[in-house]
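Student: quick one: sequence plus predicted model below, questions after.
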Amino acid sequence: MQHNTRSTGFVLFLIPLACAYEGLAQARTFRRRPPRPATVVQPLTVPPLVPPVGALPEPILPPAPSSASSQCIVPADAQPIDTSSADHVVGTGTAASCTAQAFIDSVALGGRIRFDCGADPVVITLDRPAKVVNDASDDVVIDGGNLVTLSGGGTTRILYMNTCDPQQHWSTSHCDNQATPRLTVQNLTFADGNSTSDGEYGGGGAIWARGGRLKVLNSRFHNNTCIGTGPDVAGGAIRAFSQYDNLPLYVVGSTFGGGEGLGNVCANGGGIGSIDVNWSIIDSVFSRNQASGFGGNPAAAGTPGGGSGGAIYNDGETMTLSLCGTRIESNEVRAFGSGIFFVSNNHEGTVRIENSVISGNLGGAWNVQPGVSMHDDTVWIESGSLLE
């Protein structure tokens, strides 16, 4: 839906109403679901729903790419961004100077952001999310230099971007498909984010992103959580919608979960969850994440729903999930897709698996490929990979 934003003040007044109508219409569209197999409810045997909040380990870097994953080409659009000439620097050289408020203020201003917190790893614990202001800057780049952990303290989401949220400023008449802001997070750890109390924008314990573009590079996501049951909420670490022109959301060299007790948890998509998003995931790891709901989507009678996609929950229409050099291991569900849940409602979807491993994922049913739930007519392209 397009609107003329330049004719009169009256029309400008209508833009928020029009965008709200678009968002409502789109939200209704998201919930069209074809029939799915009966749910097999199985108990989880992994850690509790909400992981304990305590002392964080030093940042855990993803493993070096193997000879298989080194065959993966990282597109120019998915390369790290130089932040040596930063627009904003959080901190003045000490850990104490790197406050949550300084970080939140920098994100609101936008531009390229880096940290000066001293030579040792530092944890910055937030009491509310840092929020991108849609018309502040075309690019928001947050670079932790592999020394910074952003923590939600087990009580709050960490980072939020929504081009259709009027409180963050509407900057176009087509908030569900606009080019900016472009949000990049790189060389960061996101830990103990929690969005369970955010009913309107559910999912995304660490990051919730709609509109513009999101890119995740060389980052770690540990112990993030969102609502534990429900048919349409997803993404213990990341929840994404409406990427500009359906361009891919890149995840490169990043880890979701990892070691024992570091997994992310949500009703669906323990690691990541999305609607109508194309993902390109390169040289990354998803392990020990949980889809903690049960009853599937739509929810089976007498159940709260959810429990699909231990690592990845990819739902919507006409979309592609691409993995290269990526490991999906030891994730767990109660409904479908112990590793990956991929359902294109119009049956126009593609899953591409190259030089990757999908192994040891537990629970659920309707696995058309080992650890993968999808329609039989989904285009499946696999090469050089291990699935078991």
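Tutor: Received it, and whenever you're ready, just let me know what you need. Residues are numbered from 1 along each chain as shown.

Student: tell me which helix or strand of this structure sits lowest on mean pLDDT?
Tutor: helix 9-30 (a mean of 38; mean pLDDT, DSSP states H and E).

Student: domains in this protein, as residue ranges please.
Tutor: 1-30, 46-387 (automatic domain parsing).

Student: quick one: residue 384 and residue 354 touch, right?
Tutor: Yes. The criterion here is CB atoms under 8 Å, and residue 384 meets it with residue 354 at 6.1 Å. All C-beta spots, glycine's among them, are computed from the backbone N, C-alpha and C.

Student: give me the more crowded residue out of the two.
Tutor: With neighbours defined as other CB atoms under 10 Å, residue 384 and residue 354 compare such that residue 354 has more, 19 against 12.

Student: hang on, that one packs against residue 283?
Tutor: No. Judged on CB under 8 Å, residue 354 makes no contact with residue 283 at a distance of 11.2 Å.

Student: now for the two: what residues contact both?
Tutor: 72, 324-325 (CB atoms under 8 Å, 6 or more residues apart in numbering).

Student: can I get the buried part of those residues as one PyMOL selection?
Tutor: To isolate the buried members of these in PyMOL, using 16 or more other CB atoms under 10 Å:
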select buried, resi 72+324+325
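
Student: in JSON lines: the shared contacts of residue 354 and residue 283, plus secondary structure.
Tutor: Below are those laid out as JSON lines (DSSP: H, G, I helix; E, B strand; the rest coil):
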{"residue": "72", "secondary structure": "coil"}
{"residue": "324", "secondary structure": "strand"}
{"residue": "325", "secondary structure": "coil"}
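
Student: of the shared contacts of residue 354 and residue 283, which is the nearest to residue 219?
Tutor: For the shared contacts of residue 354 and residue 283, the minimum distance to residue 219 (CB to CB) is 16.2 Å, reached by residue 325.

Student: measure the closest one to residue 281 for me?
Tutor: Applying CB to CB, to the nearest Å, the value for residue 325 to residue 281 is 9 Å.

Student: then residue 109?
Tutor: When residue 109 is compared with residue 281 (using CB to CB), they lie 30 Å apart.

Student: next one: residue 222
Tutor: 18 Å.

Student: now residue 100
Tutor: From residue 100 to residue 281 the distance is 30 Å (CB to CB).

Student: and the two? Which one has more around it.
Tutor: Legend: neighbour count by other CB under 10 Å for residue 100 and residue 281, higher for residue 281 (28 against 18).

Student: bridged to the more buried one, which residues?
Tutor: On the basis of DSSP bridges, residue 281 is bridged to residue 251, residue 323.

Student: ok now do it, which residues does it touch?
Tutor: 250-252, 321-324, 326.

Student: again, only this time at 7 Å
Tutor: With contact set as CB atoms under 7 Å, 6 or more residues apart in numbering, residue 281 has these partners: 251, 322-323, 326.

Student: out of those residues, grab the one that's most surrounded.
Tutor: Counting by other CB under 10 Å, top hit in these: residue 323 with 28 neighbours.

Student: pLDDT wise, what is that one at?
Tutor: Looking at residue 323, its pLDDT is 98.

Student: same thing with residue 137?
Tutor: With respect to pLDDT, residue 137 scores 97.

Student: host element of it?
Tutor: Under the criterion DSSP states H and E, no helix or strand holds residue 137.

Student: measure residue 253 to residue 339 for me?
Tutor: From residue 253 to residue 339 the distance is 20 Å (CB to CB).

Student: so which helix or strand takes in the residue nearest to residue 202 when sequence neighbours are not counted?
Tutor: Nearest residue to residue 202, sequence neighbours excluded (CB to CB, 6 or more residues apart in numbering): residue 233, at 4.0 Å. Taking DSSP H and E as the definition, residue 233 sits outside all helices and strands.

Student: run through the residues that contact residue 233.
Tutor: Per CB under 7 Å, 6+ apart, neighbours of residue 233: 202-203, 226-227, 266-268.

Student: higher neighbour count, residue 253 and residue 339?
Tutor: residue 339 (33 against 24).

Student: ignoring the adjacent residues along the chain, who's closest to the more buried one?
Tutor: In space, residue 339 is closest to residue 371, 3.3 Å off (CB to CB, 6+ apart).

Student: tell me the pLDDT of that neighbour.
Tutor: pLDDT, residue 371: 97.

Student: shouldn't it be in contact with residue 341?
Tutor: No. Assessed by CB atoms under 7 Å, residue 371 is found out of contact with residue 341, at 10.0 Å.

Student: biggest strand in this protein by residues?
Tutor: Under DSSP state E, the strand in the chain containing the largest number of residues is strand 139-151.

Student: strands paired with it, and their directions?
Tutor: Here, using DSSP bridges, strand 139-151 pairs with strand 111-115 (parallel), strand 122-125 (parallel), strand 182-191 (parallel).

Student: just checking, what packs against the first helix or strand past the second one going along the chain?
Tutor: Looking back up the chat, that one is strand 122-125. The helix or strand immediately downstream of strand 122-125 is strand 130-131, counting by DSSP H and E. On a contact count with 3 or more CB pairs under 7 Å, 6 or more residues apart in numbering; DSSP states H and E, strand 130-131 meets helix 100-109.

Student: what's the angle between the helix it packs on and strand 139-151?
Tutor: Put simply, helix 100-109 runs at 160 degrees to strand 139-151, going by axes from the mean of the first three to the mean of the last three CA atoms, to 10 degrees.

Student: can you get me the centre-to-centre distance for helix 100-109 and its chain?
Tutor: Averaging C-alpha positions (CA atoms, centre = their mean, to the nearest Å) puts helix 100-109 21 Å from its chain's average.

Student: pull the residues that contact that helix.
Tutor: With CB under 7 Å, 6+ apart, helix 100-109 has contacts from 88, 90-91, 113, 124-127, 130-133, 136, 140.
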